[in-house]
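K.L.:
structure for this input, please:
(chains A, B, C and D)
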2 protein chains.
Amino acid sequence: MKKPKKNVRVTLQEVADHAGVSTTTASLVVRNNPRISEATRNKVLASMEELGYVYDRVAANMRSQNSNIIGVIVTDIANKFISEFLIGVQNTLEDFGYTVLLGTTFDSVEKQQKLISTMVEHRVDGLILNPASRSVGKTVKQLNNLKIPLVLANRELTNVHADYVGIDYPEGTYKAISHLISKGHEKIAFLGGVKNSSTWTERMEGYRTAHENANLTLDESLVIDSEPTDKGGEEAALKMLDLPEIPTAIFCFSDLIAFGVMKVLTQKGIVIGRDIDIVGFDNIPEAEIYHPPLTTVSSYPKSIGNQAAKLLHSKVKRESEEMHRVILKPQLVIRETSK
Amino acid sequence: MKKPKKNVRVTLQEVADHAGVSTTTASLVVRNNPRISEATRNKVLASMEELGYVYDRVAANMRSQNSNIIGVIVTDIANKFISEFLIGVQNTLEDFGYTVLLGTTFDSVEKQQKLISTMVEHRVDGLILNPASRSVGKTVKQLNNLKIPLVLANRELTNVHADYVGIDYPEGTYKAISHLISKGHEKIAFLGGVKNSSTWTERMEGYRTAHENANLTLDESLVIDSEPTDKGGEEAALKMLDLPEIPTAIFCFSDLIAFGVMKVLTQKGIVIGRDIDIVGFDNIPEAEIYHPPLTTVSSYPKSIGNQAAKLLHSKVKRESEEMHRVILKPQLVIRETSK
DNA sequence: CTGAAAGCGCTTACAG
DNA sequence: CTGAAAGCGCTTACAG
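P.N.:
Down below sits the predicted model:
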C-alpha cells in the first residue's frame, strides 16, 4: 500500500524508468521478443509486477495499425440457432487470440448499417456478418472499400466481395419434402421465412425440385411467408387454417417457426403426427425435447461458426486472397411429428 | 473512381488539408461542436464526404482516454436466461452509445480471469459480469485497483466493490416451496446447481425457511447439487432415484435443470404432474411450451440486463459513487407440472 | 470563430 | 543486445 494510487494506469515508460531501461526494451519484453537478454527481461518483468503494469492494447493497436478485434453481427442472440453459431465463432476466434465486438440487429437493416459503421470506426480487423433478412449488397460496400475482410454466414448476399459459410438449403429442403412425399403426402405447405431472402429462396428451390421429381404440381397458395420468429409461425399457421383445403403436411422454414405453427395447431385440437405431419429446419436442441419431438433438417450452427471464424482469420492474415464458399451438407432427423 | 485507393483510410489531417482548415477545426466538426461556423462546417463535411472519411475511434479514444466500450462477460450465451439477459444489456448500452465487447466463460473461472484481463487491456469503460459459479472475490481485484466500474449480475460476490443486480432468490424459492407444501407435499427435493455458489445458497435459504415456517423437517439427503446445465439435471435426477424413498415433489435450481430432470423421470415411466410435482426457476420461454408445461419462478432476465446497463452507465459517468443493489421480486407461475 | 503545438501510450525502423 | 527519436490519428489546452 505504499504506492500512491493517482494516475491509476502505469505506463510502459514508467516501467522502463523503474527498471533502468529504454521503453524500446520494455516494449520488447512485454511482447516476449527473444532478442532481449534474460537478465534485462527479468529486471523489466519485476518492475512490471511491482508497479502493477497493465498492457494498453488500445495504444499498441493504434501504433501497429491493427486491433485484434473481430466484429460479429447477428440477427438475434435469443434464437438458439444463432447462439450456437455464436459459440462456434467465439471459441475459434478466441483460440486465434481475437476479441469479439458483438452486435445484434434484430433483423433490422437500419440497425445493421449502424452497427457496421460502429465496427468500422473501431477498426475491427474483420467482420462476421449474419445478415438481416432484407439486407442488400450495398450494406457492406463500406467494408469492401476499406478492404476489411468479411465473412457472411447463413445468408448470402449478391454482388458482394465476401466469403460465405452456410448450409445447403436446397438440399436440406429437398430431403425434407421428399421424405413427406414418400409418406404419401401430396399437399405440403411451406410456412414461414422472409420471402425473397436468400435463405427463403434456396429452400423454395428445394421445395420445388422435390415436387418436380415426384411429378407433383406445386400449389403456390400453400406457400405462406412470415417473420422468422415463433410469432411469425403462429401467424402463418392461422393463415393456412383459412385455406379452403388444409394441407396434410407442413414444411417449416425453421424449428422456431415450427414451434409457433405447432402451438396454434394444438390449440385448434389438431393432433400433430396423426392429423398432420410437420418438418422443421435447424435441429435446435429444443426440437428433440419438444412435444411431440420435431422431425427436422439438421444444420450445424456451431460448425458454421467455426468455419466462418477460420475463413475470416485466414483472410485477416492474408493467407489467401481468393473467395471461399463453404457449404455444409444437412441431414434429415426423423422424429414423432412425421413418423 | 478518380482517387487512387492506396492508403485506404483517410485521416482527419487529409480532410483538413483538403478543406483548407486546421485539424483542430476538422476535429471539432466531426464531433459536432457548435463553435464552428456553418460555412466552415459545410466545407469540412463536403471534404469528408468526397474523400470518404471514416472516423477513427481507436485514435480518438486513445487521446481522450476513454473507449466507449463496455465489456460484458457471461457464463453461457446458449442458455436462454442468459441470452435474454444479454438482450436487455445490449439494448440499453446501445441506447447510451456504447459498443459491447463480449466474452463467454462457459462457467470456467480461469477463462473468466483471462477475459477480464483482455477487457482491461482493451481499456473498457466498465464491465458487466455474470460470474462463473465458482468465482471468488479476488477475480475482480484488478478491476477495483484500476477503478473500472463493475456491475455484477445474477450472482453476487463477497468482499467486492461492485454494484449488483439480481433477483430475490430466497423469496422466489420460498414461494415455490410453499406452493408445493400447500399442495400437501412433505418430501420435497432440491435438485441441481453448484453448491455454495451464491445463487445456490440463496435458494437453499428460501428452501429452508419455507420448511421451517411449515414446521417440516428438512431432509438434507434430498438436496443434490450438479452442474447448472440440463445434463447436470439428468445426473441429479438419477441420483435422486437411487434414494431409499423417492420424494413426491422436486424444486429445481433452474428450468434447464428441470428439463434434464423431467427427461430422466419420463424415461423411467414416471408421470410428471401426477406421480411427482416439479417446479423450476427462471421461466425461460421453453418452460411454457415444454411437455408438460413447467411450473416455475419467473425472473426477469431482460430487466436485469437493462438495470445492469443503467447502473453501469451512471457509474461510468460518475453520476453516483455509492454502491447499488437492485433486487427484483420474482413471481410464481403455476403450470401443469404442479397443478 | 480558428489554428499551432503538444501529447495520449505504445511500436517501429534505424543506429550502434 | 539495447536505445533515441519519430510517429500512429486523433483531442486538448491555449492563444489570438
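K.L.:
near chain B, which residues of the stretch 151-300 of chain A?
P.N.:
For the stretch 151-300 of chain A, the residues in contact with chain B (C-beta under 8 Å from any C-beta of the partner chain) are A:259, A:263, A:286, A:289, A:290, A:291. The C-beta positions use only the backbone N, C-alpha and C, and glycine is treated the same way.
K.L.:
and the fourth one, what's its pLDDT?
P.N.:
Which is residue A:289. For residue A:289, the pLDDT comes out at 78.
K.L.:
who in the stretch 1-150 of chain A is up against DNA strand C?
P.N.:
Taking C-beta under 7 Å from any atom of the strand as the test, the list of the stretch 1-150 of chain A residues beside DNA strand C reads A:7, A:9, A:11-13, A:23-24, A:27-28, A:30-31, A:53-56, A:59-60, A:62-64.
K.L.:
so the closest residue to DNA strand C within the stretch 151-300 of chain A, which state does it fall into?
P.N.:
Residue of the stretch 151-300 of chain A nearest DNA strand C, by C-beta to the nearest atom of the strand: residue A:151 (25.0 Å). Assigned by DSSP: H, G, I helix; E, B strand; the rest coil, the conformation of residue A:151 is strand.
K.L.:
next: the one 10 residues further on.
P.N.:
Three-state assignment for residue A:161 (three-state DSSP): coil.
K.L.:
could you list the domains of chain A?
P.N.:
According to automatic domain parsing, chain A is divided into the following domains: A:12-55, A:68-167+A:301-328, A:169-299+A:332-338.
K.L.:
could those domains be laid out in a markdown table, adding mean neighbour count and distance to DNA strand D?
P.N.:
Listed next are the domains of chain A as a markdown table, based on neighbours: other C-beta atoms under 10 Å in any protein chain shown; distance: least, C-beta to the nearest atom of the strand, whole Å:
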| stretch | mean neighbour count | distance to DNA strand D |
| --- | --- | --- |
| domain A:12-55 | 16 | 3 |
| domain A:68-167+A:301-328 | 20 | 9 |
| domain A:169-299+A:332-338 | 20 | 35 |
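K.L.:
between the two ends of stretch A:118-125, how far is it?
P.N.:
13 Å (C-alpha to C-alpha, to the nearest Å).
K.L.:
ranges for the helices of the stretch 101-250 of chain A?
P.N.:
Using DSSP state H, counting those that start in this stretch, the helices of the stretch 101-250 of chain A run over residues A:109-121, A:141-145, A:169-182, A:198-213, A:230-241.
K.L.:
thinking again about what came up before, among the domains of chain A, which comes closest to residue B:305?
P.N.:
For these, proximity to residue B:305 was assessed by C-beta to C-beta; domain A:68-167+A:301-328 is nearest, at 11.4 Å.
K.L.:
who are the contact partners of the nearest residue to residue A:335 once chain neighbours are set aside?
P.N.:
The spatially closest residue to residue A:335, leaving aside those adjacent along the chain, is residue A:293, at 3.9 Å (C-beta to C-beta, 6 or more residues apart in numbering or on different chains). With C-beta atoms under 8 Å, 6 or more residues apart in numbering or on different chains as the criterion, the residues that contact residue A:293 are A:287, A:335, A:336, A:337.
K.L.:
about what we covered before: okay if I get the helices of the stretch 101-250 of chain A as JSON lines plus mean pLDDT?
P.N.:
JSON lines is the format used below for the helices of the stretch 101-250 of chain A (pLDDT from 0 to 100):
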{"stretch": "helix A:109-121", "mean pLDDT": "93"}
{"stretch": "helix A:141-145", "mean pLDDT": "87"}
{"stretch": "helix A:169-182", "mean pLDDT": "96"}
{"stretch": "helix A:198-213", "mean pLDDT": "95"}
{"stretch": "helix A:230-241", "mean pLDDT": "96"}
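K.L.:
save these as CSV, and put in distance to residue B:245 too.
P.N.:
Putting the helices of the stretch 101-250 of chain A into CSV (distance: least, C-beta to C-beta, whole Å) gives the following:
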stretch, distance to residue B:245
helix A:109-121, 56
helix A:141-145, 64
helix A:169-182, 47
helix A:198-213, 53
helix A:230-241, 41
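K.L.:
so residue A:92 sits against residue A:312, correct?
P.N.:
No: using C-beta atoms under 8 Å, residue A:92 is not in contact with residue A:312; the gap is 9.1 Å.
K.L.:
for residue A:29, see how far away the nearest residue to residue A:52 once chain neighbours are set aside is.
P.N.:
Setting aside the residues directly before and after it, residue A:52 is nearest to residue A:10 in space (C-beta to C-beta, 6+ apart), at 6.0 Å. Separation of residue A:10 from residue A:29 (C-beta to C-beta, to the nearest Å): 14 Å.
K.L.:
can you check residue A:299 too?
P.N.:
When residue A:299 is compared with residue A:29 (using C-beta to C-beta), they lie 47 Å apart.
K.L.:
so the residue in chain A positioned nearest to chain B, which state does it fall into?
P.N.:
Taking C-beta to the nearest C-beta, chain B has its nearest neighbour within chain A at residue A:291, 2.9 Å off. Per three-state DSSP, the local secondary structure of residue A:291 is coil.
K.L.:
measure it to residue A:263 for me?
P.N.:
Taking C-beta to C-beta as the measure, residue A:291 and residue A:263 are separated by 11 Å.
K.L.:
likewise residue A:245?
P.N.:
Residue A:245 sits 22 Å away from residue A:263 when distances are taken as C-beta to C-beta.
K.L.:
could you do residue A:191 as well?
P.N.:
For residue A:191, the distance to residue A:263 (C-beta to C-beta) stands at 13 Å.
K.L.:
so what sits against both of those two?
P.N.:
Common neighbours of residue A:191 and residue A:263, using C-beta under 8 Å, 6+ apart, are A:233, A:237.
K.L.:
residue contacts, the closest residue in space to residue A:203 that isn't next to it in sequence?
P.N.:
When the adjacent residues along the chain are set aside, residue A:203 lies closest to residue A:173, with 4.4 Å between them (C-beta to C-beta, 6+ apart). The contact partners of residue A:173, by C-beta under 8 Å, 6+ apart, come to A:202, A:203, A:204, A:205, A:206, A:207, A:210, A:251, A:281, A:297.
K.L.:
residues contacting the third one?
P.N.:
Shown here is residue A:204, whose contacts under the criterion C-beta under 8 Å, 6+ apart are A:173, A:190, A:223.
K.L.:
could you do residue A:223 as well?
P.N.:
Residue A:223 is in contact with A:189, A:190, A:204, A:207, counting by C-beta under 8 Å, 6+ apart.
K.L.:
closest to residue A:112 among these?
P.N.:
The nearest member of these to residue A:112, counting by C-beta to C-beta, is residue A:204 at 23.5 Å.
K.L.:
could you save the contacts of residue A:223 as JSON lines and add columns showing distance to DNA strand C?
P.N.:
Putting the contacts of residue A:223 into JSON lines (distance: C-beta to the nearest atom of the strand, whole Å) gives the following:
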{"residue": "A:189", "distance to DNA strand C": "58"}
{"residue": "A:190", "distance to DNA strand C": "53"}
{"residue": "A:204", "distance to DNA strand C": "50"}
{"residue": "A:207", "distance to DNA strand C": "53"}
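K.L.:
strands of chain A, start to end?
P.N.:
With DSSP state E, the ranges of strands along chain A come out as A:69-74, A:99-104, A:126-129, A:150-153, A:163-167, A:188-191, A:223-224, A:249-252, A:277-282, A:295-298, A:325-328, A:331-333.
K.L.:
dump these into CSV; add mean pLDDT as well.
P.N.:
Formatted as CSV, the entries for these read as follows, by pLDDT from 0 to 100:
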stretch, mean pLDDT
strand A:69-74, 95
strand A:99-104, 92
strand A:126-129, 96
strand A:150-153, 95
strand A:163-167, 94
strand A:188-191, 97
strand A:223-224, 97
strand A:249-252, 97
strand A:277-282, 96
strand A:295-298, 95
strand A:325-328, 93
strand A:331-333, 93
